[in-house]
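S.K.: Predicted coordinates and the sequence they were generated for:
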2 protein chains.
Amino acid sequence: MHDRHLPATLRFMLAARRCEQQGLETLAQTCTLVSLLSNLVHALQRERGFSNIYLGQPQPRLLATLEQYSDEARGWERQVRDDLDRLDVEGAERARLYHRLAYLLHGLDDLPALRRHIRDLHMGVEEASDSFTRLIASLLAVVFEAADTAIDPQLTRALVAMFNFMQAKELAGQERACGVMGFSLGFFDAPRQERMNHLRAGQQRCSEIFVQYADSDALQRWQRIEGSSGQVQRLRELALRTSAEQPLDAGLAELWFELCSERIDAMHEVEGLLAEALRQLCRQRLDSASMELDNHRALLRQLARQADHQQPLLFSVQGRTLGEAAADDPLQHSLLDLLQEQSRHLQRLGDELKAARSTLAERKRIEQAKRLLMSQYRLDEQTAHERMQRAAMNQGLRLIDVAERLLAQEQAAP
Amino acid sequence: MHDRHLPATLRFMLAARRCEQQGLETLAQTCTLVSLLSNLVHALQRERGFSNIYLGQPQPRLLATLEQYSDEARGWERQVRDDLDRLDVEGAERARLYHRLAYLLHGLDDLPALRRHIRDLHMGVEEASDSFTRLIASLLAVVFEAADTAIDPQLTRALVAMFNFMQAKELAGQERACGVMGFSLGFFDAPRQERMNHLRAGQQRCSEIFVQYADSDALQRWQRIEGSSGQVQRLRELALRTSAEQPLDAGLAELWFELCSERIDAMHEVEGLLAEALRQLCRQRLDSASMELDNHRALLRQLARQADHQQPLLFSVQGRTLGEAAADDPLQHSLLDLLQEQSRHLQRLGDELKAARSTLAERKRIEQAKRLLMSQYRLDEQTAHERMQRAAMNQGLRLIDVAERLLAQEQAAP
């Protein structure tokens, strides 16, 4: 601990300030990591989609493009790994984040084998797609945790926006992959049509949360993308009208892939805006925190020096009650003012953080209820989610209310 | 970061474990501090009570005892300050705790002046009592924050029990002080009778929460104290029947003080049991965490060594999907098993922490609503609390529900 020579009160006032600054520094590292992750996710999404194309119609001419996509993903993976090597692994509250990172790294270590299996055609298209999807889910889980452990309300809001946008884009990526499989076959059977609808609705939900939390630049860009996705929309509708009896030209798979990819690339540009905004916000918050810390330290040193001359007056919390101490002495009040200002600041910070994290907390409860349904009734995730949604519709409740009731029932069960 | 030579996955698995251990070490320091604080609070409560007696009937013979009580408080203050000097001031999440400590130290720096004013009779009894009460409140605020930032569910429960018991004992101390003032005067006017009832009800509320969270030793001891407080109860009832027209012998003040002090001293012994249980629990949790970390590290090193021989097999999250990799290879599954076990562990930890902190969260919301009422209608704390309680009774709601409604109305207000 620095500032050893200051009186204990002032040392702890500074310590509280320094904690916030350290938190912001760690958070700045996390934000850098998040923007690298968004690039790796993007590259893996493309590789997943193109792997599906290749496994659907294995033509040697596709291998070069596949290899190019894999290379791009490898490049981003290297950058993520370098960044993780540099990461300060400290801080008792970050166990969940490190655990998520361990999970992610474990998945990344699998990638070379997965790629080999795809090139050797030793793996079905569904299996390959699922493997990529699980890996991408573990990447998104890191971003979720980064948002949930951020200690600054503004940065938390920016990370919540980022997470929900990445999640929407991942669902768009899954929609692209599911569409590639259907169009390659020439038609969509009922489960695949349901899945297309499910993925569409999921994108809608995530983008609604994104809209609440995003800054205006990213928002405008997103609205432009939504406005110009007419062709994708028409192919979606076409997919829902297909059947085994009325198959389409399998060549539509590549068109679907290209149109979806254009849209997803545009979404990735929005992510770039979000990442840049995050970077700027980090810098601003760090600059202002370090300026505040410097000011605070200078002020406290000055108070400490003046206090040497008039000891008992300065350190008076109950100045009012200590009769003869000059009530209008500015020194006497300045320390208490600082303490009270800090109280209000920490109170506000706590309230704002709680509000910013509220959608994350809801999401955790909904996921928890979904896992409960999945294990109780041996359902897959999509079915569990749909069952909860139907219950919400039928009873006129929000999804979170249905989740809370399910979890409460479970707790009450013997 | 140690373990640099391990693969990144394993490093982050260890980092997540180490975080928990660091958190427990910091928590062990905090628990030591909490038990020192409980001794300082006890000494200050006694000094407050006896200061009131002295200010009510300033007889020189009382000064020696007063000085003895002040000395005891000074001794504990010194120990607290020494402990704070040794405290590692680290950890981004601890800003609120350090801020509370700064507030507390600021108050302690005031004590010499307060004591001088009491001895010089330069201060009224109410004013002196209020000054001590504010200081003790800032001590209890540190214990609250310690409970609220603890990262271990069992320790959180123990700290919640400790905080509520300390709070009950402080209300018993305030009741003693209020009673000394009334008995010294010979009667209790209506506001003072109301205050006696208010303090009694507060003790009841806190001890109910304590009973939910405490271990059985402390609980039995507390039930014995409750069973043998008949004399205090009779004096309480006597106090409520007094009036300016029917005053009592002022000598009852010293009897009341002694009986209350006996009860409060017995309560302090319960605190001693709670502090000892806290110490043991800390040691147990630290021992088992450090054993787990060692096991984990040894296991991961062994896995890493074996992985050097059969690289692609080990790091397989999707072992199932990677066809020809021997599905029954124990190595292949052990890492994933460890990761999944850690997931479940962290999930359980999070749920249990949330449950253990629930009464603290409720308390914060109730305090927040109370502050809102106080500032909106310019009420004092007791009146604001009573108004909320009446609303709860009339509408058949819990206090927390009334608080949530008040806060929601405030948010909805333009």
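M.R.: Here it is on my side, so go on.

S.K.: dump the residue contacts of the residue positioned nearest the centre of chain A.
M.R.: With distances taken as C-alpha atoms, centre = their mean, the residue of chain A nearest its centroid is residue A:163 (2.7 Å). Applying C-beta atoms under 8 Å, 6 or more residues apart in numbering or on different chains, we find residue A:163 in contact with A:140, A:143-144, A:146-147, A:360. From N, CA and C alone the C-beta is placed, and that goes for glycine too.

S.K.: Mind listing what's buried along the helix or strand harbouring residue A:389?
M.R.: Using DSSP states H and E, residue A:389 sits within helix A:381-395. Neighbour counts over helix A:381-395 (16 or more other C-beta atoms under 10 Å in any protein chain shown) mark A:383-385, A:387-388, A:391-392 as buried.

S.K.: Quick one: name the residues of the stretch 101-250 of chain A near chain B.
M.R.: Applying C-beta under 8 Å from any C-beta of the partner chain, we find that the stretch 101-250 of chain A lies next to chain B at A:101-103, A:105-107, A:109-110, A:112-114, A:117, A:122-123, A:127, A:130-131, A:134-135, A:138, A:151.

S.K.: For those, which PyMOL command selects only the ones that are buried?
M.R.: Selection of buried members from these for PyMOL, criterion 16+ other C-beta under 10 Å:
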select buried, chain A and resi 101+102+103+105+106+107+109+110+113+114+117+123+127+130+131+135+138+151
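
S.K.: Mark which of the residues of the stretch 101-250 of chain A next to chain B are part of strands, please.
M.R.: Within those, no residue falls in strands by DSSP state E.

S.K.: Work out the gap between the helix or strand that comes right after the helix holding residue A:389 and the centre of the chain.
M.R.: Helices and strands here follow DSSP H and E; after helix A:381-395, the next one along the chain is helix A:399-412. For helix A:399-412, the separation from the chain centroid amounts to 25 Å (computed by C-alpha atoms, centre = their mean, to the nearest Å).

S.K.: Output helix A:399-412 as PDB, nothing but the C-alphas.
M.R.: Coordinates of each C-alpha in helix A:399-412 appear next as PDB, following Å, rounded to 0.1, in the frame of the first residue of the first chain:
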ATOM      1  CA  LEU A 399     -40.700 -15.200 -19.900                       C
ATOM      2  CA  ILE A 400     -38.800 -14.200 -16.800                       C
ATOM      3  CA  ASP A 401     -42.000 -14.700 -14.700                       C
ATOM      4  CA  VAL A 402     -42.500 -18.200 -16.100                       C
ATOM      5  CA  ALA A 403     -38.800 -19.000 -15.300                       C
ATOM      6  CA  GLU A 404     -39.200 -17.700 -11.700                       C
ATOM      7  CA  ARG A 405     -42.300 -19.800 -11.200                       C
ATOM      8  CA  LEU A 406     -40.600 -22.900 -12.500                       C
ATOM      9  CA  LEU A 407     -37.600 -22.300 -10.300                       C
ATOM     10  CA  ALA A 408     -39.800 -21.600  -7.200                       C
ATOM     11  CA  GLN A 409     -41.700 -24.900  -7.800                       C
ATOM     12  CA  GLU A 410     -38.400 -26.700  -8.000                       C
ATOM     13  CA  GLN A 411     -37.300 -25.200  -4.700                       C
ATOM     14  CA  ALA A 412     -40.600 -26.000  -3.000                       C
END
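
S.K.: where's residue A:385 relative to chain B, distance?
M.R.: 19 Å (C-beta to the nearest C-beta, to the nearest Å).

S.K.: Surely that residue is in contact with residue A:198?
M.R.: Yes: counting by C-beta atoms under 8 Å, residue A:385 touches residue A:198, with 7.5 Å between them.

S.K.: tell me the helices in chain A, going along the chain?
M.R.: Using DSSP state H, the helices of chain A run over A:8-56, A:61-86, A:95-119, A:125-149, A:153-185, A:190-213, A:216-227, A:230-241, A:252-309, A:311-314, A:330-356, A:358-377, A:381-395, A:399-412.

S.K.: of all the ones you listed, which lies closest to residue B:236?
M.R.: Nearest to residue B:236 among the helices of chain A is helix A:330-356; the distance by C-beta to C-beta comes to 35.1 Å.

S.K.: For residue A:114, which non-adjacent residue is closest in space?
M.R.: residue A:131 (5.3 Å; C-beta to C-beta, 6 or more residues apart in numbering or on different chains).

S.K.: from the buried residues of helix A:381-395, which single one is nearest residue B:190?
M.R.: Using C-beta to C-beta, the buried residues of helix A:381-395 come closest to residue B:190 at residue A:392, 53.6 Å.

S.K.: The closest one against residue A:405, yeah?
M.R.: No: using C-beta under 8 Å, residue A:392 makes no contact with residue A:405, being 10.1 Å away.

S.K.: for the stretch 1-150 of chain A, what are the low-confidence residue spans?
M.R.: With pLDDT under 70 as the threshold, the stretch 1-150 of chain A has low-confidence stretches at A:1-5, A:88-93.

S.K.: if we can go back for a sec, so which of the helices of chain A is the most packed in?
M.R.: Highest mean neighbour count of the helices of chain A: helix A:153-185, a mean of 24 (counted as mean count of other C-beta atoms under 10 Å in any protein chain shown).

S.K.: circling back: with residue B:24 as the reference, name the closest of the helices of chain A.
M.R.: Smallest distance to residue B:24 across the helices of chain A (C-beta to C-beta): 11.1 Å, for helix A:95-119.

S.K.: related to what we said a few turns ago, surely the residue nearest to residue A:114 and residue A:118 touch.
M.R.: No: counting by C-beta under 8 Å, residue A:131 stays clear of residue A:118, with 9.1 Å between them.

S.K.: Can you name the residue of the stretch 151-300 of chain A nearest chain B?
M.R.: residue A:151 (6.1 Å; C-beta to the nearest C-beta).

S.K.: Quick check: closest non-adjacent residue to that residue.
M.R.: That would be residue A:23: by C-beta to C-beta, 6+ apart, it lies 4.2 Å from residue A:151.

S.K.: Then residue A:360?
M.R.: Residue nearest to residue A:360 in three dimensions, not counting chain neighbours: residue A:148, with 5.0 Å by C-beta to C-beta, 6+ apart.

S.K.: One more: residue A:56?
M.R.: Nearest to residue A:56 is residue A:184, by C-beta to C-beta, 6+ apart, at 3.7 Å.

S.K.: ok, the one you found - contacts?
M.R.: Contacts were defined as C-beta under 8 Å, 6+ apart; by that measure residue A:184 touches A:52-53, A:56-57, A:250, A:253.
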